[in-house]
Every structure is written in C-alpha cells, then in structure tokens.
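J.: Return atomic coordinates for the entry below.
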Amino acid sequence: MIPFLNRHPTVAVIRLSGAIGTGARALNDEGMAPVIEKAFAKGKPVAVALIINSPGGSPAQSSLIGSRIRRLADEKEIPVHAFVEDVAASGGYWLASAADDIWLDDSSVVGSIGVIAATFGAHEFLAKQGFERRVHTAGKSKSMLDPFRPEKKEDIERLEGILSQLHDTFIAQIKSRRGDKLTDEIDLFTGEFWLGQKAVDLGLADGLGHAVPKLKELYGEKVKLARYGRKRGLFQRFGAQIIDDAVGVMEERAAYARFGL
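T.: As a prediction, the model looks like this:
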C-alpha cells in the first residue's frame, strides 16, 4: 500500500468572527488576507468552509474580504461553504454570500441587508455650557455633518444619497450570488433580519446544518478539517493595546446587541 495514495480529503476551515472594520480587533482584508490565501493554497483542499459570526461593519472591508474569497475559489476551482453561528448580518451576510451555499443553525440570525450611519448631536449642550464651535474650511462640504453644529438639510440629503449608493451595491452583491434562490414574495432588502428556517424559506440560506456533520456528509466520514484564523500579536496578548481593545469590545458588543445577542 502506498500511503500518499490513500490520503483523506481536507477541507480548509476559515473563522470569520467579530465586527468588520479597520481596528485592531476588527475583521478586515489586511488581517485576513494571509489567512485566506494560506487556506486556499496549503494541502490542496477539496473545499473551503467559512465559519461566520459577525454583525457586520465596514461595507468596503466586507467587499474586499468577500471578493478575495471569490477570486481564489474561482481561480483554484474550489467550492466554498458558509456556516453561520450566532449571526451573519449586514456585512456578515455579505461574507456569507461569497460562499456557494450557506448553512444555518435554527437560531442563527441572517439578513439586515441595509446600510446605517449613526452619529450624535451636541451643539445644544455646548451652547448651554458657554462653548462656541469655530470651524474654518476651504470647500463648502468639508465640514459635513459636524456633530457639534446643527444639522444642515443639504448635508442630510448628501448622506442619504451616499447610503442609497451603498445599499444598491449591497443588493447587487446578494442578487448576483443568491440569484433565483431568493424569494420574490417579500422585500428582502429593507434591513430586516430573520432566524434559521425562515431565512432558508426566503432563500437567504440553503438549509440547516452544522459544519462538521455537513462536511462529513459532503466529503466523507474521514474528511480532515484544517483550521485557519487570525493570531493575536505578542503585544496584544500581553495587554499593550488594552485601551484600544476595550473600546473595540464595547463597539463590537453594541453591534451584536442590535440582534439581541
């Protein structure tokens, strides 16, 4: 018997967990690129599985990560399966849509296909405290939506236009990836989200299933799982970025809290 002729198939498993953005804790293309590239290249995997638990975040970073996954999948002709844990909403669902199929737990949250911009207004507080905001710009739109000054109608209209563009891009991504699987009975692009089987019924996912049993079903009982994920640097592990991490945790918890998690 020649050992190398009897190797069991390997599925590369990539964990995509957390809010999507540019911070040290966040999921972003710069941090995930080496992980994704390695997962598709090492050991000639028969498939790649994405384990997703993300409430979303940056549209650009969602697009960059998803596009990298699709490019490698197409170049290497490797199927990609997404498995959602607690949530794959907004940008998290964008990541899931990069896969060829999406599998959920019956309690998984998916959807929230919309765009949000949130800020605050403190101009009345400053005025009551006797502070005067002084801003000087070259370019009339340079100080758009300054939270320390009253909102301007033209700024709001401009922001709504930008959000609408981003929403259109998001919708196009989901339609291009899910195609005829999506129901036409209701509007799926209002920002609403759904659980488990209901999401499957709407075409947002392909079925209920957990990673290990589903991958064994697809690739045999003796399939090997090679797991890939980000590693925290030495200084992060020993608390050199405690303040940054603390802020990141609060922002991430706020994002998950939108979905009751």
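J.: Quick check: chain neighbours aside, which residue is closest to H81?
T.: Taking C-beta to C-beta, 6 or more residues apart in numbering as the measure, H81 lies nearest to A49, with 4.9 Å between them; neighbours along the chain are not counted. C-beta here means a position set from N, CA and C on the backbone, and glycine is covered the same way.
J.: Surely the one you found is in contact with R15?
T.: No - A49 is beyond contact range of R15, at 9.6 Å (criterion: C-beta atoms under 8 Å).
J.: Which residue of these two possesses the greater neighbour count?
T.: It is A49, of A49 and R15, that has more neighbours when counted by other C-beta atoms under 10 Å, with 27 against 18.
J.: and E185, how many neighbours does it have?
T.: The criterion is other C-beta under 10 Å. On that basis, E185 has 9 neighbouring residues.
J.: go on, G203?
T.: 18.
J.: how much space between it and Y228?
T.: G203 sits 29 Å away from Y228, going by C-beta to C-beta, to the nearest Å.
J.: Okay, strands next: where are they in the stretch 151-261 of the chain?
T.: 193-195, 207-208, 224-228 (DSSP state E, counting those that start in this stretch).
J.: circling back to that earlier point, what's the distance between the residue nearest to H81 and V87?
T.: Looking at A49 against V87, where the rule is C-beta to C-beta, the gap reads 17 Å.
J.: wait, isn't D86 in contact with V110?
T.: No - counting by C-beta under 8 Å, D86 does not reach V110; the two are 10.4 Å apart.
J.: between the two, which one's more packed in?
T.: Neighbour comparison, D86 and V110: the larger count goes to V110, with 29 against 19 (by other C-beta under 10 Å).
J.: Around the residue lying closest to L166 once chain neighbours are set aside, how many other residues sit close by?
T.: Distance criterion C-beta to C-beta, 6+ apart; nearest residue to L166, sequence neighbours excluded, is V115 at 4.5 Å. Other residues near V115 number 19, with proximity taken as other C-beta under 10 Å.
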